[in-house]
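1. Sequence below, structure please.
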Amino acid sequence: MGSNQSWVTEFVLVGFQLSADVQVLLLWVFSLFYIFSLLANGVILGLICLDPSLHTPMYFFLSHLSIIDMSYASSNVPKMLANLVNQDRTISFVPCIIQTFLYVSFGHTECLILVVMSYDRFVAICHPLQYTVIMNWRVCMALAITSWSCGFILSLVHAILLLRLPFCGPREVNHLFCEILSVLKLACADTSINQVVILADCVFVLVGALYLMLVSYMHILWAILKIQSKEGCTKAFSTCLSHLCVVGLFFGIAMVVNMVPDSSQREEREKILSLFHSLFNPMLNPLIYSLRNAQVKGALYRALQKKRPT
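-> Here you go, the predicted model:
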(Lines give C-alpha, C1' and ligand atoms only; values in the text may rest on other atoms or scores of the structure.)
Protein backbone atom coordinates (compact mmCIF):
# COMPACT_ATOMS: atom_id res chain seq x y z
CA MET A 1 0.00 0.00 0.00
CA GLY A 2 2.87 2.37 0.51
CA SER A 3 3.78 4.64 3.41
CA ASN A 4 1.31 7.38 2.50
CA GLN A 5 -1.67 5.04 2.59
CA SER A 6 -0.77 3.86 6.09
CA TRP A 7 -2.37 7.08 7.36
CA VAL A 8 -5.75 5.39 6.90
CA THR A 9 -6.01 1.70 7.71
CA GLU A 10 -9.79 1.39 7.45
CA PHE A 11 -12.88 3.15 6.13
CA VAL A 12 -16.39 3.52 7.51
CA LEU A 13 -19.29 2.63 5.20
CA VAL A 14 -22.03 5.15 5.99
CA GLY A 15 -24.86 3.31 4.22
CA PHE A 16 -28.46 4.36 4.89
CA GLN A 17 -29.12 6.54 7.93
CA LEU A 18 -32.30 4.82 9.15
CA SER A 19 -33.89 3.73 12.40
CA ALA A 20 -33.00 0.34 13.88
CA ASP A 21 -36.43 -1.14 13.08
CA VAL A 22 -36.23 -0.10 9.41
CA GLN A 23 -32.71 -1.50 9.13
CA VAL A 24 -33.86 -4.87 10.50
CA LEU A 25 -36.72 -4.89 8.00
CA LEU A 26 -34.32 -4.10 5.15
CA LEU A 27 -32.01 -6.85 6.37
CA TRP A 28 -34.76 -9.46 5.97
CA VAL A 29 -35.95 -8.09 2.61
CA PHE A 30 -32.46 -7.76 1.12
CA SER A 31 -31.45 -11.18 2.48
CA LEU A 32 -34.44 -12.79 0.75
CA PHE A 33 -33.62 -11.00 -2.51
CA TYR A 34 -29.98 -12.07 -2.29
CA ILE A 35 -30.79 -15.72 -1.52
CA PHE A 36 -33.40 -15.81 -4.28
CA SER A 37 -30.97 -14.32 -6.82
CA LEU A 38 -28.36 -16.96 -5.93
CA LEU A 39 -30.91 -19.78 -6.18
CA ALA A 40 -32.49 -18.51 -9.42
CA ASN A 41 -29.16 -17.99 -11.16
CA GLY A 42 -27.92 -21.32 -9.79
CA VAL A 43 -30.96 -23.11 -11.26
CA ILE A 44 -30.42 -21.44 -14.66
CA LEU A 45 -26.72 -22.38 -14.58
CA GLY A 46 -27.52 -25.97 -13.54
CA LEU A 47 -30.14 -26.41 -16.27
CA ILE A 48 -27.76 -25.13 -18.94
CA CYS A 49 -25.01 -27.49 -17.77
CA LEU A 50 -27.22 -30.58 -17.45
CA ASP A 51 -29.71 -30.27 -20.33
CA PRO A 52 -28.19 -31.11 -23.77
CA SER A 53 -30.86 -29.05 -25.57
CA LEU A 54 -29.41 -25.91 -23.96
CA HIS A 55 -25.85 -26.59 -25.13
CA THR A 56 -25.97 -23.77 -27.69
CA PRO A 57 -24.06 -20.46 -27.95
CA MET A 58 -27.05 -18.46 -26.69
CA TYR A 59 -27.28 -20.45 -23.44
CA PHE A 60 -23.50 -20.68 -23.14
CA PHE A 61 -23.39 -16.89 -22.83
CA LEU A 62 -26.45 -16.94 -20.58
CA SER A 63 -24.56 -19.26 -18.21
CA HIS A 64 -21.77 -16.67 -18.04
CA LEU A 65 -24.36 -14.00 -17.26
CA SER A 66 -25.65 -16.12 -14.37
CA ILE A 67 -22.12 -16.58 -12.99
CA ILE A 68 -21.52 -12.83 -13.24
CA ASP A 69 -24.80 -12.00 -11.50
CA MET A 70 -24.03 -14.32 -8.58
CA SER A 71 -20.49 -12.97 -8.28
CA TYR A 72 -21.65 -9.37 -8.73
CA ALA A 73 -24.08 -9.62 -5.83
CA SER A 74 -21.70 -11.60 -3.63
CA SER A 75 -18.92 -9.01 -3.98
CA ASN A 76 -20.74 -6.42 -1.85
CA VAL A 77 -24.17 -7.57 -0.62
CA PRO A 78 -22.94 -9.73 2.34
CA LYS A 79 -20.98 -6.79 3.78
CA MET A 80 -23.95 -4.49 3.16
CA LEU A 81 -26.26 -6.89 5.03
CA ALA A 82 -23.81 -7.13 7.95
CA ASN A 83 -23.70 -3.33 8.18
CA LEU A 84 -27.49 -3.20 8.59
CA VAL A 85 -27.20 -4.91 11.97
CA ASN A 86 -23.72 -3.86 13.12
CA GLN A 87 -22.92 -0.50 14.64
CA ASP A 88 -19.30 -0.97 13.61
CA ARG A 89 -19.38 -0.42 9.84
CA THR A 90 -15.65 -0.34 9.28
CA ILE A 91 -13.87 -2.05 6.41
CA SER A 92 -10.10 -2.34 6.15
CA PHE A 93 -8.24 -0.58 3.37
CA VAL A 94 -7.24 -3.68 1.38
CA PRO A 95 -10.70 -5.38 1.50
CA CYS A 96 -12.21 -2.04 0.43
CA ILE A 97 -9.96 -1.85 -2.64
CA ILE A 98 -10.67 -5.52 -3.42
CA GLN A 99 -14.41 -4.84 -3.17
CA THR A 100 -14.05 -1.90 -5.57
CA PHE A 101 -11.99 -4.04 -7.97
CA LEU A 102 -14.49 -6.92 -8.00
CA TYR A 103 -17.53 -4.67 -8.34
CA VAL A 104 -16.05 -2.83 -11.33
CA SER A 105 -14.75 -6.09 -12.87
CA PHE A 106 -18.08 -7.89 -12.81
CA GLY A 107 -19.92 -4.76 -14.00
CA HIS A 108 -17.60 -4.42 -17.00
CA THR A 109 -17.75 -8.12 -17.80
CA GLU A 110 -21.56 -8.17 -17.68
CA CYS A 111 -21.68 -5.21 -20.04
CA LEU A 112 -19.38 -6.96 -22.55
CA ILE A 113 -21.22 -10.29 -22.26
CA LEU A 114 -24.48 -8.48 -23.10
CA VAL A 115 -22.78 -7.09 -26.22
CA VAL A 116 -21.67 -10.60 -27.20
CA MET A 117 -25.21 -11.90 -26.64
CA SER A 118 -26.61 -9.21 -28.95
CA TYR A 119 -24.06 -10.24 -31.61
CA ASP A 120 -25.16 -13.86 -31.19
CA ARG A 121 -28.80 -12.87 -31.82
CA PHE A 122 -27.71 -10.77 -34.83
CA VAL A 123 -25.98 -13.77 -36.43
CA ALA A 124 -28.88 -16.12 -35.57
CA ILE A 125 -31.52 -13.90 -37.20
CA CYS A 126 -29.62 -12.14 -39.98
CA HIS A 127 -27.40 -15.08 -41.03
CA PRO A 128 -29.28 -18.22 -39.91
CA LEU A 129 -27.76 -20.53 -42.53
CA GLN A 130 -24.21 -19.59 -41.46
CA TYR A 131 -24.94 -19.47 -37.72
CA THR A 132 -23.24 -22.73 -36.75
CA VAL A 133 -20.18 -21.80 -38.81
CA ILE A 134 -19.84 -18.23 -37.50
CA MET A 135 -20.74 -18.99 -33.87
CA ASN A 136 -18.70 -22.16 -33.48
CA TRP A 137 -17.45 -23.16 -30.03
CA ARG A 138 -13.97 -21.76 -30.63
CA VAL A 139 -15.44 -18.34 -31.39
CA CYS A 140 -17.78 -18.56 -28.38
CA MET A 141 -14.90 -19.40 -26.04
CA ALA A 142 -12.79 -16.59 -27.48
CA LEU A 143 -15.61 -14.04 -27.01
CA ALA A 144 -16.25 -15.17 -23.43
CA ILE A 145 -12.55 -15.11 -22.47
CA THR A 146 -12.13 -11.69 -24.09
CA SER A 147 -15.10 -10.29 -22.15
CA TRP A 148 -13.81 -11.58 -18.81
CA SER A 149 -10.23 -10.50 -19.54
CA CYS A 150 -11.19 -6.98 -20.62
CA GLY A 151 -13.44 -6.58 -17.58
CA PHE A 152 -10.70 -7.54 -15.12
CA ILE A 153 -7.90 -5.66 -16.91
CA LEU A 154 -9.88 -2.41 -16.99
CA SER A 155 -10.77 -2.85 -13.33
CA LEU A 156 -7.12 -3.53 -12.49
CA VAL A 157 -6.18 -0.18 -14.02
CA HIS A 158 -8.66 1.58 -11.73
CA ALA A 159 -7.38 -0.34 -8.69
CA ILE A 160 -3.74 0.53 -9.43
CA LEU A 161 -4.59 4.21 -9.89
CA LEU A 162 -6.54 4.11 -6.63
CA LEU A 163 -3.70 2.44 -4.70
CA ARG A 164 -1.22 5.19 -5.62
CA LEU A 165 -3.34 7.82 -3.81
CA PRO A 166 -2.72 8.83 -0.19
CA PHE A 167 -5.69 8.62 2.21
CA CYS A 168 -5.25 10.67 5.36
CA GLY A 169 -8.86 11.37 6.40
CA PRO A 170 -11.79 11.74 6.55
CA ARG A 171 -12.50 8.01 6.31
CA GLU A 172 -16.30 7.86 5.89
CA VAL A 173 -17.38 6.40 2.54
CA ASN A 174 -20.86 7.77 1.91
CA HIS A 175 -22.13 4.64 0.18
CA LEU A 176 -23.35 1.10 0.83
CA PHE A 177 -19.99 -0.36 -0.24
CA CYS A 178 -16.61 0.83 -1.52
CA GLU A 179 -17.87 2.40 -4.73
CA ILE A 180 -14.94 3.89 -6.64
CA LEU A 181 -16.17 7.50 -6.91
CA SER A 182 -17.11 7.59 -3.23
CA VAL A 183 -13.66 6.32 -2.23
CA LEU A 184 -11.93 8.83 -4.53
CA LYS A 185 -13.55 11.70 -2.64
CA LEU A 186 -11.54 10.73 0.45
CA ALA A 187 -8.13 10.93 -1.23
CA CYS A 188 -5.67 13.58 -0.01
CA ALA A 189 -4.25 14.24 -3.48
CA ASP A 190 -5.25 15.26 -6.98
CA THR A 191 -7.59 12.64 -8.48
CA SER A 192 -7.90 14.21 -11.94
CA ILE A 193 -6.12 11.26 -13.61
CA ASN A 194 -8.52 8.84 -11.96
CA GLN A 195 -11.49 10.94 -13.05
CA VAL A 196 -10.28 11.08 -16.66
CA VAL A 197 -9.72 7.31 -16.76
CA ILE A 198 -13.19 6.68 -15.29
CA LEU A 199 -14.76 9.00 -17.88
CA ALA A 200 -12.87 7.32 -20.73
CA ASP A 201 -13.87 3.93 -19.34
CA CYS A 202 -17.56 4.92 -19.25
CA VAL A 203 -17.39 6.13 -22.85
CA PHE A 204 -15.56 3.00 -24.03
CA VAL A 205 -17.57 0.41 -22.11
CA LEU A 206 -21.04 1.92 -21.61
CA VAL A 207 -21.44 4.15 -24.67
CA GLY A 208 -19.37 1.93 -26.97
CA ALA A 209 -21.20 -1.22 -25.90
CA LEU A 210 -24.60 0.45 -26.23
CA TYR A 211 -23.68 1.64 -29.73
CA LEU A 212 -22.68 -1.88 -30.81
CA MET A 213 -25.92 -3.30 -29.44
CA LEU A 214 -28.00 -0.65 -31.19
CA VAL A 215 -26.27 -1.46 -34.49
CA SER A 216 -26.95 -5.19 -33.96
CA TYR A 217 -30.61 -4.64 -33.17
CA MET A 218 -31.12 -2.24 -36.07
CA HIS A 219 -29.97 -5.03 -38.40
CA ILE A 220 -32.14 -7.52 -36.50
CA LEU A 221 -35.21 -5.28 -36.78
CA TRP A 222 -34.60 -4.81 -40.49
CA ALA A 223 -34.30 -8.58 -40.97
CA ILE A 224 -37.49 -9.23 -38.96
CA LEU A 225 -39.46 -6.72 -41.04
CA LYS A 226 -38.47 -8.65 -44.16
CA ILE A 227 -40.02 -11.87 -42.84
CA GLN A 228 -43.29 -12.47 -44.65
CA SER A 229 -45.22 -14.57 -42.12
CA LYS A 230 -46.56 -13.10 -38.90
CA GLU A 231 -45.62 -16.29 -37.04
CA GLY A 232 -42.02 -15.99 -38.24
CA CYS A 233 -41.83 -12.35 -37.13
CA THR A 234 -43.19 -13.21 -33.69
CA LYS A 235 -40.78 -16.11 -33.23
CA ALA A 236 -37.76 -14.06 -34.33
CA PHE A 237 -38.66 -11.13 -32.10
CA SER A 238 -39.39 -13.35 -29.08
CA THR A 239 -35.83 -14.71 -29.17
CA CYS A 240 -34.55 -11.16 -28.64
CA LEU A 241 -37.12 -9.84 -26.19
CA SER A 242 -35.57 -11.35 -23.05
CA HIS A 243 -32.15 -9.98 -23.94
CA LEU A 244 -33.63 -6.54 -24.67
CA CYS A 245 -35.29 -6.47 -21.24
CA VAL A 246 -32.00 -7.32 -19.49
CA VAL A 247 -30.09 -4.75 -21.58
CA GLY A 248 -32.68 -2.10 -20.79
CA LEU A 249 -32.41 -2.75 -17.05
CA PHE A 250 -28.61 -2.83 -16.98
CA PHE A 251 -27.86 0.16 -19.21
CA GLY A 252 -30.82 2.22 -18.04
CA ILE A 253 -29.65 2.08 -14.42
CA ALA A 254 -26.00 2.56 -15.41
CA MET A 255 -26.80 5.66 -17.44
CA VAL A 256 -28.90 7.17 -14.67
CA VAL A 257 -26.17 6.55 -12.08
CA ASN A 258 -23.50 8.18 -14.23
CA MET A 259 -25.61 11.07 -15.48
CA VAL A 260 -27.32 12.22 -12.27
CA PRO A 261 -26.33 15.91 -11.87
CA ASP A 262 -24.43 16.99 -8.78
CA SER A 263 -26.77 17.87 -5.95
CA SER A 264 -27.23 17.30 -2.25
CA GLN A 265 -29.42 14.28 -3.03
CA ARG A 266 -27.09 12.67 -5.61
CA GLU A 267 -25.28 10.37 -3.19
CA GLU A 268 -28.56 9.12 -1.69
CA ARG A 269 -29.94 8.43 -5.16
CA GLU A 270 -26.77 6.59 -6.11
CA LYS A 271 -27.15 4.35 -3.06
CA ILE A 272 -30.69 3.42 -4.09
CA LEU A 273 -29.72 2.87 -7.73
CA SER A 274 -26.75 0.71 -6.71
CA LEU A 275 -29.23 -1.64 -5.04
CA PHE A 276 -30.76 -2.33 -8.44
CA HIS A 277 -27.37 -3.45 -9.80
CA SER A 278 -26.44 -5.43 -6.70
CA LEU A 279 -29.79 -7.02 -5.76
CA PHE A 280 -32.60 -6.51 -8.25
CA ASN A 281 -30.79 -7.08 -11.56
CA PRO A 282 -29.24 -10.42 -10.47
CA MET A 283 -32.70 -11.48 -9.24
CA LEU A 284 -34.65 -10.29 -12.29
CA ASN A 285 -32.32 -11.58 -15.02
CA PRO A 286 -33.05 -15.31 -14.47
CA LEU A 287 -36.76 -14.56 -14.08
CA ILE A 288 -36.83 -12.69 -17.39
CA TYR A 289 -35.06 -15.50 -19.23
CA SER A 290 -37.03 -18.33 -17.61
CA LEU A 291 -40.49 -16.78 -17.86
CA ARG A 292 -40.02 -15.61 -21.45
CA ASN A 293 -38.15 -18.68 -22.72
CA ALA A 294 -39.92 -21.91 -23.63
CA GLN A 295 -36.64 -23.87 -23.85
CA VAL A 296 -35.60 -22.96 -20.31
CA LYS A 297 -39.06 -23.82 -18.98
CA GLY A 298 -38.96 -27.10 -20.90
CA ALA A 299 -35.53 -27.94 -19.44
CA LEU A 300 -36.82 -27.18 -15.94
CA TYR A 301 -39.88 -29.39 -16.51
CA ARG A 302 -37.69 -32.28 -17.71
CA ALA A 303 -35.38 -31.87 -14.71
CA LEU A 304 -38.34 -32.00 -12.32
CA GLN A 305 -39.75 -35.05 -14.12
CA LYS A 306 -36.46 -36.91 -13.64
CA LYS A 307 -36.53 -36.23 -9.89
CA ARG A 308 -40.15 -37.39 -9.57
CA PRO A 309 -40.33 -41.07 -8.50
CA THR A 310 -41.84 -43.44 -11.06
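2. Could you measure from residue 181 over to residue 130?
-> Residue 181 is 44 Å from residue 130, where distance means CB to CB, to the nearest Å. Heads up, the C-betas are built off the backbone N, CA and C, glycines and all.
3. nope, residue 305 is what I was after
-> Going from residue 305 to residue 130 by CB to CB gives 35 Å.
4. Also residue 100?
-> Remark: distance between residue 100 and residue 130 (CB to CB) = 42 Å.
5. Neighbour count: the two, which is higher?
-> More crowded of residue 100 and residue 130, by other CB atoms under 10 Å: residue 100, with 25 against 10.
6. And the pLDDT for the more buried one?
-> We have a pLDDT of 91 for residue 100.
7. same check, this time on residue 164
-> On pLDDT, residue 164 comes in at 87.
8. Over to the one 10 residues further on?
-> At residue 174, the pLDDT value in this model is 84.
9. check contacts around the closest residue to it other than its chain neighbours.
-> Closest residue to residue 174 apart from its sequence neighbours, by CB to CB, 6 or more residues apart in numbering: residue 14 at 4.7 Å. The contact partners of residue 14, by CB atoms under 8 Å, 6 or more residues apart in numbering, come to 89, 172-175.
10. ok, of the residues you listed, which come out buried?
-> 89, 173-175 (16 or more other CB atoms under 10 Å).
11. Save these as CSV, and put in distance to residue 161 too.
-> Shown next, in CSV, are the buried ones among the contacts of residue 14 (distance: CB to CB, whole Å):
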residue, distance to residue 161
89, 26
173, 17
174, 21
175, 19
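12. Just the ones in strands from those residues, please.
-> Counting by DSSP state E, the buried ones among the contacts of residue 14 place residue 173 in strands.
13. Looking at the buried ones among the contacts of residue 14, spot the one nearest residue 277.
-> Among those, residue 175 lies closest to residue 277 (CB to CB), at 12.4 Å.
14. I'd say that closest one and residue 275 touch.
-> No - contact criterion CB atoms under 8 Å: residue 175 and residue 275 do not qualify, at 11.2 Å.
15. just to revisit the earlier point, let's have the contacts of residue 14 in CSV, adding distance to residue 34.
-> Formatted as CSV, those follow (distance: CB to CB, whole Å):
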residue, distance to residue 34
89, 18
172, 25
173, 21
174, 23
175, 18
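16. ok, and the closest non-adjacent residue to residue 114?
-> Leaving out its chain neighbours, the residue that sits closest to residue 114 by CB to CB, 6+ apart is residue 247, at 5.6 Å.
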